[in-house]
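Q: Okay, structure incoming, though there's no sequence with it:
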Ligand code: GLU
C-alpha cells in the first residue's frame with residue numbers, strides 16, 4: 001500500500017500550514033472543538049485505555065500503545081482476547097505512508113483432518129459441544145503479532161510495555177459491570193475448568209461487579225515473556241503446558257505446532273466509497289471484502305436522501321448484506337489454500353450485475369453467490385458451498401492514533417466469550433476456540449485442513465482520503481462485525497453523524513433471507529414496514545457489535561474518538577478529549593397481548609395495547625396494521641393521521657391486501673400468509689433513490 005512519497009511530502013507541508021478551522025472529516029462536526037493533539041486511544045475497557053494513553057504520553061507511538069493495550073486487555077478483559085488467541089493488526093505508518101496488515105490468525109495444528117468436527121455418524125457435533133474441547137483450539141498468534149509489530153514499527157521495548165499488565169494481573173483489578181455479566185452468562189462453561197473457576201469464582205460463586213480479579217498465574221506467565229520476549233510463548237515451559245492441556249482435552253496440538261506458528265504480512269483489501277478510501281483486512285478474514293462489497297452495493301443508492309435507519313435504507317442494506325454474505329460463504333477463506341477472487345468481488349461491473357438482483361419492494365428469498373471469476377483472471381475451483389452460521393461470539397476491537405499520525409486498527413479475539421473455556425493450568429490464560437470458525441461440514445473452501453487459518457469476519461478498517469487514513473474503526477461480533485463496521489461507516493459518510501452518534505445508532509444484521517437481528521430502538525413502524533416487504537425481525541432486540549474508532553483530522557491535527565456502550569468503552573486523548581460509554585438500559589421483553597399475529601410464521605412486533613379482541617375477533621390499531629400489511633408507508637403516516645384509538649378488523653383487512661388468513665380461536669393466533677415473491681407493494685412509488693443500476 002505505498003502511496004507516492006512526493007504526495008506525502010506535499011501533504012506534510014500542507015498539514016503544517018493548514019488554516020485553522022479547515023473542513024472537518026466524516027465523523028467530526030463543528031461542535032467537537034476540543035480534539036486531542038498528542039495522541040488518542042479508543043478501547044473497550046477504561047483500564048486498558050489508561051495504559052495505552054500513558055504509553056503515548058511517555059513518548060511511545062501508536063504501535064507501542066497497541067502492544068501495551070493488548071497485554072492489558074488480556075488481564076482486564078480476559079474473556080475476549082489475549083495470548084491464547086489471535087487477531088489482525090492494521091498499521092498505518094506515517095513515515096512510510098504505508099498500510100500493513102499483520103495476520104496473527106490461529107493456525108490449525110498439523111494433525112487434523114476435514115472431519116475434525118464430525119461425530120461417528122458423520123454429522124457435525126453441535127456447536128455447544130464442539131467449541132469446548134481441545135479440538136477447538138487453534139495455534140495462537142497474538143504473542144507473535146505483538147513481537148512483529150514492535151520489531152517493525154515500535155520504539156519501546158516489550159519488557160517495558162508488558163509491565164502495566166503484570167501489575168494489573170498481580171495486584172488485581174475490579175470486575176466491572178460488563179465482565180460481571182459475561183462471567184455470569186458463562187458460569188457453566190467456566191465451572192467445567194478447574195483453573196478458570198479458581199480465577200473467576202470465589203467461594204463457589206461467580207465474581208460480581210466490584211470484586212477483585214486476581215491473576216497471579218497470568219502475572220507469572222507475563223514475567224516469563226518480559227524476561228525472554230514474546231517468542232517464549234512458542235517454545236519452552238509455556239508451550240509445553242499449553243500442548244499438554246490441549247491434548248488432555250482431546251486435541252492434537254503439539255509443541256512442534258507452536259514452534260511452527262508464523263504471522264503473515266498480507267496486502268490489505270481496498271476500495272473507495274463515495275470518494276473515501278476504505279482499507280480493510282484481507283483473507284483469511286472475510287471481513288474486509290464483505291464490508292467493502294456491502295458499501296459498494298450501497299453506493300448505487302442515494303443513501304443520504306433515504307436517511308439513517310429509514311425503512312428504505314434498511315431494506316436496501318439488508319438485501320446488499322444478503323448478496324455479500326452469499327459470496328462470503330462461497331469464496332472467502334484462507335488464500336494460502338484457495339485463491340479468493342478478490343478483484344472480481346470488488347469489480348464495478350460485477351457489483352452492478354449483483355445490484356440488479358435487488359428489488360425495491362420485496363426481500364428476495366433465493367440469494368445465491370455470483371460469479372466474480374468472470375471479472376478477473378483465474379478459474380473457480382469446484383468446491384461445495386457450505387453455509388454455516390458461526391454463533392456470534394465476542395472479541396475486542398481498539399483503535400489508536402499518535403501525535404505523528406500513525407494509526408492502529410486492531411481486532412483481537414479468543415472467539416467465543418472465554419474462548420474454549422480452557423485455561424492453561426499454572427499459566428492463567430484462556431485458550432481460543434478459533435478452530436470452530438472452520439466449517440464443521442467438509443467440502444467447502446473453509447473446511448478444516450492442517451496448517452490452515454479459519455475464515456474470520458474480523459474487519460479492522462481504515463477510512464481515508466487521498467491515500468491517508470483519517471479513521472481507524474472495527475468491532476467484535478463474529479459475522480455481525482461486518483454489518484457493524486459497514487453501517488458505522490455509512491453513518492459518518494452518508495448520514496453525517498459525529499462518530500459517537502454513528503456508533504450508538506442502532507444497527508441491524510441479516511446474513512440471509514428472511515431473519516433480521518436488530519438493536520433496541522429500531523423503530524416499530526420501520527420494522528412493520530420492512531416486514532411487509534418480506535423481512536422477518538427477530539422477536540426480541542439484541543445488541544450487535546462493539547465499535548471503537550479513532551479519528552485524526554490531518555488538516556487540523558485534531559483527534560477524536562468514539563466508543564461503544566455494550567462494554568465500558570473509553571476514549572482517552574493524551575491532552576484532551578475523553579469519553580466513557582454509559583451502560584445501556586436492559587432490553588425490555590415484550591408484554592403479551594390478547595392474541596398474536598403472524599406473517600409467514602413470524603410474529604409481528606405489535607405491543608399488547610395495539611391488539612384488541614372485539615366480540616372475539618382480532619382487531620389491530622389501524623396505522624400499525626396498515627404498515628404491517630404493506631398498505632401504508634411510515635413516510636405517509638404524517639399525512640394519514642390515524643388516531644391511536646382506531647382499530648381495524650385484522651382478518652378482513654389482510655384478505656383485502658392479498659393474504660391468506662387463518663384465525664385459530666383456541667391459540668388466539670391470526671396467521672397471514674403471502675408468497676414473498678408475490679409482494680408487489682401498490683403504494684410504492686418511484687422516488688428516484690437509485691443512482692445507478
Ligand atoms: N472468531 C470470530 C472471527 O474471527 C471473532 C469472534 C467474534 O467476535 O465473534 O470472526
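A: Okay, I see it. Because the structure is a prediction, the values reported are computed rather than measured. Residues are numbered from 1 along each chain as shown.
Q: for the ligand, what are the nearby residues on this protein?
A: 392-395, 413, 415, 434, 437, 456-458, 476-478, 481 (C-beta under 6 Å from any ligand atom). Glycine gets a C-beta too; all of them are placed from N, C-alpha and C.
Q: Strands - which of the residues you listed land there?
A: Judged by DSSP state E, the residues of the chain next to the ligand include residue 413 as members of strands.
Q: quick one: which of the residues of the chain next to the ligand is most hemmed in?
A: residue 481 (34 neighbours; other C-beta atoms under 10 Å).
Q: any weak-confidence spans in the protein?
A: Low-confidence segments of the chain, defined by pLDDT under 70: 1-22, 640-644, 679-693.
Q: Out of the residues of the chain next to the ligand, which comes closest to residue 628?
A: When the residues of the chain next to the ligand are ranked by distance to residue 628 (C-beta to C-beta), residue 392 comes first, at 27.7 Å.
Q: Which residue ranges of the stretch 1-150 of the chain form helices?
A: Along the stretch 1-150 of the chain, counting by DSSP state H, counting those that start in this stretch, helices occupy 5-17, 46-57, 62-76, 127-130, 142-153.
Q: and residue 354, which of these is closest to it?
A: Across the helices of the stretch 1-150 of the chain, the minimum distance to residue 354, taken as C-beta to C-beta, is reached by helix 127-130, at 30.2 Å.
Q: Give me the contacts around the closest one.
A: Applying C-beta atoms under 8 Å, 6 or more residues apart in numbering, the contact partners of helix 127-130 are 117, 124, 136, 391, 436, 440.
Q: if I pick the last one, what's in contact with it?
A: Going back to what we said before, that points to residue 440. 117, 118, 124, 125, 130, 388.
Q: The fourth one too?
A: Neighbour list for residue 391: 127, 416, 478 [criterion: C-beta under 8 Å, 6+ apart].
Q: hmm, 6 Å instead?
A: residue 127 (C-beta atoms under 6 Å, 6 or more residues apart in numbering).
Q: before we move on, the earlier item: any chance of the contacts of helix 127-130 in JSON lines with distance to residue 521 as columns?
A: What follows is these, written out as JSON lines (distance: C-beta to C-beta, whole Å):
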{"residue": "117", "distance to residue 521": "37"}
{"residue": "124", "distance to residue 521": "36"}
{"residue": "136", "distance to residue 521": "35"}
{"residue": "391", "distance to residue 521": "24"}
{"residue": "436", "distance to residue 521": "32"}
{"residue": "440", "distance to residue 521": "35"}
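Q: now, among those residues, which is nearest to residue 675?
A: Set against residue 675, the nearest of the contacts of helix 127-130 by C-beta to C-beta is residue 391 (30.9 Å).
Q: ok, that closest one to residue 420 distance?
A: Computed as C-beta to C-beta, to the nearest Å, the residue 391 to residue 420 distance reads 13 Å.
Q: now swap in residue 645 and tell me
A: As judged by C-beta to C-beta, residue 645 and residue 420 stand 55 Å apart.
Q: who has more neighbours, the two?
A: Neighbour count, other C-beta under 10 Å: between residue 645 and residue 420, residue 420 has more, with 30 against 8.
Q: can you give me the strands for the stretch 451-600 of the chain?
A: Applying DSSP state E, counting those that start in this stretch to the stretch 451-600 of the chain gives strands spanning 461-465, 468-474, 508-509, 515-518, 536-537, 548-552, 559-563, 570-573, 578-580, 596-599.
Q: Dump these to CSV, plus mean neighbour count.
A: Converted to CSV, these look like this (neighbours: other C-beta atoms under 10 Å):
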stretch, mean neighbour count
strand 461-465, 25
strand 468-474, 29
strand 508-509, 25
strand 515-518, 21
strand 536-537, 22
strand 548-552, 32
strand 559-563, 30
strand 570-573, 26
strand 578-580, 15
strand 596-599, 20
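Q: mind putting those in TSV, distance to residue 445 included?
A: What follows is these, written out as TSV (distance: least, C-beta to C-beta, whole Å):
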stretch	distance to residue 445
strand 461-465	23
strand 468-474	24
strand 508-509	23
strand 515-518	24
strand 536-537	28
strand 548-552	30
strand 559-563	35
strand 570-573	38
strand 578-580	41
strand 596-599	36
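Q: for this structure, which helix is longest?
A: Taking DSSP state H as the criterion, the chain has its longest helix at helix 311-331.
Q: which strands and helices sit next to it?
A: Secondary-structure packing of helix 311-331 (3 or more C-beta pairs under 6 Å, 6 or more residues apart in numbering; DSSP states H and E): helix 287-298, helix 524-531.
Q: again, 7 Å this time
A: helix 287-298, helix 303-306, helix 524-531 (3 or more C-beta pairs under 7 Å, 6 or more residues apart in numbering; DSSP states H and E).
Q: Deepest-packed of those helices, please.
A: Ranked by mean neighbour count, those are led by helix 287-298 with a mean of 27 (mean count of other C-beta atoms under 10 Å).
Q: got a list of contacts for that helix?
A: 268-269, 271, 273, 278, 280-282, 316-317, 320-321, 323-325, 327-328, 332, 342, 345-346, 351, 354-355, 456-459, 461, 481-482, 485-486, 489-490 (C-beta atoms under 7 Å, 6 or more residues apart in numbering).
Q: Just the buried residues of those residues.
A: Taking 16 or more other C-beta atoms under 10 Å as the criterion, what is buried in the contacts of helix 287-298 is 268-269, 271, 273, 278, 280-282, 316-317, 320-321, 323-325, 327-328, 332, 342, 345-346, 351, 354-355, 456-459, 461, 481-482, 485-486, 489-490.
Q: And the strands of the stretch 451-600 of the chain: which comes nearest residue 674?
A: Minimum separation from residue 674 across the strands of the stretch 451-600 of the chain (C-beta to C-beta) falls at strand 596-599, 7.3 Å.
Q: What's the nearest residue in the stretch 101-250 of the chain when you look at the ligand?
A: Proximity of the stretch 101-250 of the chain to the ligand (C-beta to the nearest ligand atom) peaks at residue 105, 7.7 Å away.
Q: wait, that residue sits on residue 453?
A: Yes - counting by C-beta atoms under 7 Å, residue 105 touches residue 453, with 4.1 Å between them.
Q: which residues do those two both contact?
A: Counting by C-beta under 7 Å, 6+ apart, the contacts common to residue 105 and residue 453 are residue 284.
Q: re earlier: with respect to residue 192, which of the helices of the stretch 1-150 of the chain lies nearest?
A: For these, proximity to residue 192 was assessed by C-beta to C-beta; helix 127-130 is nearest, at 11.8 Å.
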